[in-house]
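> Give me coordinates for this.
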Amino acid sequence: MQIVKPIDIESAVVAELAEVLPQGVAVTAYPPPDSISATTVSVYSLGSFEQSPVSDAYDIVAYVWASTYSQAYATAFDVSGAIRALRFNAAHTHFNTSEAQAPYEDPDPERQTLKRCTVRATVGVRGTGMTLQ
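This is a model prediction of the structure:
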């Protein structure tokens, strides 16, 4: 039996989203830089659970900041769709499950001049092999 360890899910999802989101959308792992500008997406892992002996499922959120709620929602819908499609067309990581909810308005108390929407999602992915010594 192969022993696996969990992957850095934030970096994996960031790499996938950066490939498919429109030009000009900045994609980062959480926390976003202090000087974020519109339009920025930041992926944050809320936790995980064992999906099988060799894979984990991760609860994540993607925060989307933009100048207006209309722009934030438009990008957040793109993020939701891209996460839902990860199990079918991911370029860098093999996801075995990917589910995302529709975005919702989520004001950011730290960045009151920007509008923020949030997408909640669960993605499953095989861990990386490790060698026992």
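> for the chain, what spans make up the strands?
Ranges of strands within the chain are 4-5, 26-29, 40-52, 55-66, 95-100, 104-105, 115-126, 128-129, based on DSSP state E.
> quick one: which of those is nearest residue 13?
Residue 13 sits nearest to strand 40-52 of all these, at 4.8 Å, using CB to CB. C-beta coordinates here come from the backbone N, C-alpha and C atoms, glycine included.
> what sits up against the closest one?
For strand 40-52, the external contacting residues (CB atoms under 8 Å, 6 or more residues apart in numbering) are 6, 9-10, 13-14, 17, 21, 25-32, 36, 56-65, 75, 79, 96-97, 124.
> And stretch 118-128, by the same measure?
Against stretch 118-128 from outside (CB under 8 Å, 6+ apart): 4-7, 9, 12-13, 51, 54-64, 76, 79-80, 83, 86-87, 93-104, 106.
> Buried ones in it, by neighbour count?
Buried residues in stretch 118-128, counted by 16 or more other CB atoms under 10 Å: 118-127.
> where does this protein dip in pLDDT?
Low-confidence segments of the chain (pLDDT under 70): 1-2, 131-133.
> 90 instead, please
For the chain, applying pLDDT under 90 flags the ranges 1-5, 34-35, 37-38, 52-54, 127-133.
> Find the centremost residue of the chain, please.
Central residue of the chain (CA atoms, centre = their mean): residue 43, 4.2 Å from the mean position.
> ok, what's across the strand from that residue?
Counting by DSSP bridges, residue 43 is bridged to residue 29, residue 62.
> I'd say residue 22 and residue 82 touch.
No. Using CB atoms under 8 Å, residue 22 is not in contact with residue 82, being 10.7 Å away.
> Neighbour count for the two, which is higher?
It is residue 82, of residue 22 and residue 82, that has more neighbours when counted by other CB atoms under 10 Å, with 23 against 9.
> Near residue 33, how many other residues are there?
Residues lying near residue 33 (other CB under 10 Å) number 10.
> Can you measure across stretch 33-45, start residue to end residue?
Start and end residues of stretch 33-45 are separated by 17 Å (CA to CA, to the nearest Å).
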